[in-house]
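1. Predicted model, plus sequence, below.
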Amino acid sequence: MMPALPLVSVITPSFNQGAFIAATIESVLGQDYAPLEYWVIDGGSTDKTLEVMRRYGNRLRWVSEPDGGQAMAINKGWRRTQGEIIAWLNSDDTYCSGAVHRAVEALERDPELEAVYGQADYVDVHGNVIRPYPTRPYDYVELVRSTLNFIPQPAVFLRRRALDSVGYLDETLSYVMDFDYWLRLGVRHQMGYVPQKLAHLRLHEAAKTVRQAGEFAPELIRVYQRLFARTDLPEAVQAARTQAMRNAYYNAATFAFWSGHLPAARQYALQGWLLDPMHFRRLWLVLLLGRMGLKIAERWLRNPFYVDVRPA
């Protein structure tokens, strides 16, 4: 007799994403994997979200009530589930066909892994591919040093036991709770890379990654300061501290700059430069030019957080 497959529990945190949530739900319920448990944790949506969820009857479990934000909703959902493998899929993202069984196969092949992730694409409101997510094979030291989240959150599947070791998402974070979790997980555990497309991340006008890019900056710095305050970091990570903090400050400056928060961008860039005066970025010049510099940069370099949005 074949051993039973592990139960997979997927959580979707939701709030007023009625235009996209049906596609999200279909991508989960359409997976060729069982057993699969699916919950939508809605924060009290006032659009058509509840109407959409009711269409699925008992194929979908959901709750709708005010909550304290995305991380709290995900944690609340995970506590309601029983799966040995857990994931979260935001209410405007989707899984690729076969994503769950590919992730489970990867975890089953290597019992030492606490999580796996695959590749993903950015898509527009109509589901058309915009560009690939900049994913890389797993390297924890490089993840820390680069300060670039090359792990696409909707393509991640975790073992339940990771929660016992690492804890839940930090509910004080609103923008980088996923990156923070990968950094915390990697201190003691390995993640596996699945070189296949597992998910789509939807970019649209209301998406947090587009609408509030500047708010990422203070959270990124706080996460890195907390990480390097730990006493249990691997030696290779401790050795990369200066580079990592420099990059964190420069990336925070980039987030703030393109969001038009120029005083904050200057301060972050200065902090990065003070850590490593021999390493600086071209952002310095346009920062010194203020609003004119922002206009020049938008003309020459194009805002990386700009999305050509079409109506849903």
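-> Noted; the coordinates are in hand.
2. which stretches of the chain aren't confidently modelled?
-> Under the criterion pLDDT under 70, the flagged ranges of the chain are 1-3, 204-214, 280-312.
3. Need the nearest residue in space to the most centrally placed residue in it, chain neighbours excluded.
-> Centroid-nearest residue in the chain, with CA atoms, centre = their mean: residue 153, separated by 3.9 Å. The shortest distance from residue 153 to any residue other than its chain neighbours is 4.1 Å, reached at residue 178 (CB to CB, 6 or more residues apart in numbering). Heads up, the C-betas are built off the backbone N, CA and C, glycines and all.
4. What of residue 157?
-> Excluding its sequence neighbours, the residue lying closest to residue 157 (CB to CB, 6+ apart) is residue 103, at 4.0 Å.
5. The one you found: what's it in contact with?
-> By CB atoms under 8 Å, 6 or more residues apart in numbering, the residues touching residue 103 are 8, 85, 87, 116, 118, 157, 194, 198.
6. Relative to residue 22, which of those is nearest.
-> Distance from residue 22 was checked for each of those by CB to CB. The minimum falls on residue 87, at 19.1 Å.
7. How far away from the center of its chain is the helix or strand that that closest one is a member of?
-> Assigned by DSSP states H and E, residue 87 falls within strand 85-88. Taking CA atoms, centre = their mean, to the nearest Å, one finds strand 85-88 lying 13 Å from the centre of the chain it belongs to.
8. Mind checking which of the contacts of residue 103 land in helices?
-> The members of these all map outside helices under DSSP state H.
9. so which of those would you say is closest to residue 29?
-> Checking the contacts of residue 103 against residue 29 with CB to CB, the nearest one is residue 8 at 12.5 Å.
10. Now the closest one: closest residue in space, sequence neighbours ignored.
-> residue 85 is the one closest to residue 8 (CB to CB, 6+ apart), at 4.6 Å.
11. bridging residues for the one you found?
-> Here residue 85 sits in beta bridges with residue 8, residue 159, going by DSSP bridges.
12. Confirm for me that it is in contact with residue 106.
-> No. Between residue 85 and residue 106 there is no contact, the gap being 10.5 Å when judged by CB atoms under 8 Å.
13. So between those two, which is more surrounded?
-> The residue with more neighbours, out of residue 85 and residue 106 and counting by other CB atoms under 10 Å, is residue 85; that gives 23 against 19.
14. Quick one: residues contacting that one.
-> Applying CB under 8 Å, 6+ apart to residue 85 gives the contacts 6, 7, 8, 9, 103, 104, 107, 157, 158, 159, 160.
15. The fourth one reaches residue 81, doesn't it?
-> Put plainly, it is residue 9. Yes. Taking contact to mean CB under 8 Å, the distance of 3.5 Å between residue 9 and residue 81 places them in contact.
16. okay, and the common contacts of the two?
-> Joint contacts of residue 9 and residue 81 (CB under 8 Å, 6+ apart) are 37, 39.
17. With neighbour numbers in mind, choose between those two.
-> residue 9 (22 against 17).
18. how deep is the nearest residue in space to the more buried one that is not next to it in sequence tucked in, by neighbour count?
-> With CB to CB, 6+ apart as the measure, residue 83 is the residue that lies nearest to residue 9, at 2.9 Å, once sequence neighbours are left out. Counted with other CB under 10 Å, residues neighbouring residue 83 total 21.
19. Same check on residue 57?
-> A total of 7 residues lie near residue 57 under the criterion other CB under 10 Å.
20. go on, residue 50?
-> 17.
21. Would you enumerate the residues in contact with it?
-> Residue 50 makes contact with 42, 64 under the criterion CB under 8 Å, 6+ apart.
22. picking that back up, go ahead and list the helix or strand containing the residue nearest to residue 9.
-> Residue-wise, residue 83 maps onto no helix or strand under DSSP H and E.
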